[in-house]
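*Asks:* Need coordinates for the following:
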Amino acid sequence: TEGRKTTTRNNFVFLGIDQSTLQLPPMTAEEIANNRAFQLMTERPFPWSREVWALLLDRLFVAGARLVMFDMIFSPPNDGDPAFHAALEHYHDKVVLGANFDMQNAAQAVTPNDTLIPPPQLLDDRVGFVNFWADPIDGKIRAATYRVTDRELAGLPSHPSEEVFESLAARALTKIGHGNDVPRDFGGHMIRFTALDAFEPRPLYEVFDSKFWHANYGDGAFFKNKIVMVGSSAQVAHDVFDTPMSPATSGPSLHLQAMAAALGHEFLQPTPAETGLALVCGAGLIAWALVAFIRRPLVCVGALVVLAGAYLGAARLFYDSSGLLLLTVPVLSALLLSGSFSLGFEYALERIEKVRTR
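*Replies:* Alright, predicted model coming up:
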């Protein structure tokens with residue numbers, strides 16, 4: 001939260017299905033009658049007919065948008081599927097839909113239905129998985145997984161016959177010509193986050209409202225060459241995740257964070273195990289040497305505090321400059337505990353000697 005951030009991409013736009021979009025502000029009968037999208041959005045509660053998404057794609061791509069991503073799973077059939085399918089075919093190279101691996105049910109894939117995308121959907125370059133896997137220690141999401149295999153999901157060893165699936169972020173990066181920036185391995189990559197407010201959602205309904213389209217988006221000029229994410233931002237949807245930045249990081253913005261990190265190669269690396277062990281042992285030895293050779297308690301305490309502060313400064317410097325997560329708590333624990341124990345041992349020996357000589 002305090003260290004250097006990944007550069008915010010000003011060509012990323014998040015259109016959120018927020019509370020105002022779900023409820024829609026009061027409109028006249030004429031406004032609704034002259035607007036096909038509003039007709040569909042007022043016919044019934046969300047999820048609306050998928051013709052809405054076909055209309056959205058037309059509006060954004062006519063305005064010059066570069067890519068549209070949906071952090072949504074269009075799995076069950078719904079009204080408007082044929083119209084949405086036609087739009088997906090027409091804009092084949094400019095759109096990406098979400099799929100999900102249900103990890104509570106043996107990683108079963110939940111994909112767009114067969115009407116929208118013909119099977120196998122996960123191998124279609126318009127479909128990417130939306131999963132993020134949390135840190136097993138504290139449940140926070142620190143890493144983005146850009147590629148995964150079917151055997152990895154099943155807990156099986158790698159095999160040449162395995163199928164490779166790509167994430168929503170990886171599919172999007174490939175479609176905008178940055179496929180080489182996507183890590184080619186299958187592990188999670190800890191990312192350097194952007195600022196927490198980097199991708200604030202804009203109400204989706206404004207894109208269909210001629211007043212906002214003119215006033216806020218310059219009759220569509222705003223979307224020229226933009227990468228647009230469409231997803232939920234309403235509190236009732238609970239599409240939020242716990243990250244080091246916030247316990248309520250929205251899912252759609254998390255995908256944009258993963259894309260921004262890949263574009264900037266802003267990945268974080270943990271301290272190698274061997275280096276960490278050497279640092280812990282070195283910290284303990286330094287603390288012991290201070291006490292053993294200086295033999296002035298106040299000077300030793302001051303030196304330990306200075307060393308701890310210097311190490312914290314080095315950890316921050318490495319984080320900001322190279323993305324190295326320098327092992328911190330174990331090293332400082334070894335330094336301070338070893339120093340405290342050595343000082344206590346010296347004090348005990350001194351007391352014993354005074355008692356003996358007395």
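
*Asks:* For Ala170, the count of nearby residues, please.
*Replies:* Neighbour count of Ala170, defined by other CB atoms under 10 Å: 27. For glycine as for every other residue, the C-beta is placed from the backbone atoms N, C-alpha and C.

*Asks:* isn't there a helix covering it?
*Replies:* Yes - counting by DSSP: H, G, I helix; E, B strand; the rest coil, Ala170 falls inside a helix.

*Asks:* residue contacts, it?
*Replies:* Applying CB atoms under 8 Å, 6 or more residues apart in numbering to Ala170 gives the contacts 128, 146-147, 179, 182, 262.

*Asks:* for the stretch 251-358 of the chain, what spans make up the helices?
*Replies:* 251-264, 273-294, 297-322, 329-357 (DSSP state H, counting those that start in this stretch).

*Asks:* returning to that earlier point: between the contacts of Ala170, which is nearest Leu196?
*Replies:* Ala262 (19.1 Å; CB to CB).

*Asks:* Now that closest one. Nearest residue, chain neighbours left out?
*Replies:* For Ala262, ignoring the flanking residues on the chain, the nearest one in space by CB to CB, 6 or more residues apart in numbering is Asp181 at 4.9 Å.

*Asks:* what do you get for Gln235?
*Replies:* Gln19 (7.1 Å).

*Asks:* just to revisit the earlier point, out of the contacts of Ala170, which end up buried?
*Replies:* 128, 146-147, 182, 262 (16 or more other CB atoms under 10 Å).

*Asks:* So which of those residues are in helices?
*Replies:* Ala262 (DSSP state H).

*Asks:* and the buried ones among the contacts of Ala170 as TSV, adding distance to Val230 and pLDDT?
*Replies:* TSV is the format used below for the buried ones among the contacts of Ala170 (distance: CB to CB, whole Å; pLDDT from 0 to 100):
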residue	distance to Val230	pLDDT
Gly128	14	97
Tyr146	21	97
Arg147	23	97
Val182	21	96
Ala262	20	97
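
*Asks:* Just name the closest of the buried ones among the contacts of Ala170 to Lys5, please.
*Replies:* Closest to Lys5, out of all of the buried ones among the contacts of Ala170 and judged by CB to CB, is Ala262, at 15.1 Å.

*Asks:* Tell me who's in contact with that closest one.
*Replies:* Neighbouring residues of Ala262 by CB under 8 Å, 6+ apart: 144, 146, 169-170, 173, 178, 181-183.

*Asks:* Okay, and which of these map to strands?
*Replies:* Mapping those onto strands (DSSP state E) picks out Ala144.

*Asks:* Looking at the contacts of Ala262, point me to the pair that's furthest apart.
*Replies:* Longest distance between any two of the contacts of Ala262 is 14.5 Å, between Ala144 and His178; criterion CB to CB.

*Asks:* With adjacent residues omitted, what lies nearest to Gly264?
*Replies:* Looking at Gly264 with CB to CB, 6+ apart, the closest residue is Thr6, at 5.4 Å.

*Asks:* give me the number of residues near Gln121?
*Replies:* Neighbours around Gln121, by other CB under 10 Å: 19.

*Asks:* actually Gly282, not the one I typed
*Replies:* Other residues close to Gly282 by other CB under 10 Å number 13.

*Asks:* residue contacts, Asp18?
*Replies:* Taking CB under 8 Å, 6+ apart, one finds 201, 203-204, 233-234 in contact with Asp18.

*Asks:* Now it: closest residue in space that isn't a chain neighbour?
*Replies:* Asp18's closest residue in space is Ser233 (CB to CB, 6+ apart), at 4.6 Å.

*Asks:* I'd guessed that neighbour sits against Phe14; true?
*Replies:* Yes - using CB atoms under 8 Å, Ser233 makes contact with Phe14 at a distance of 7.4 Å.

*Asks:* Now do the shared contacts for these two.
*Replies:* 201, 250, 252.

*Asks:* Now do the strands for the stretch 1-150 of the chain: every range, in order, please.
*Replies:* 12-17, 67-70, 95-102, 108-110, 127-129, 143-144, 147-149 (DSSP state E, counting those that start in this stretch).
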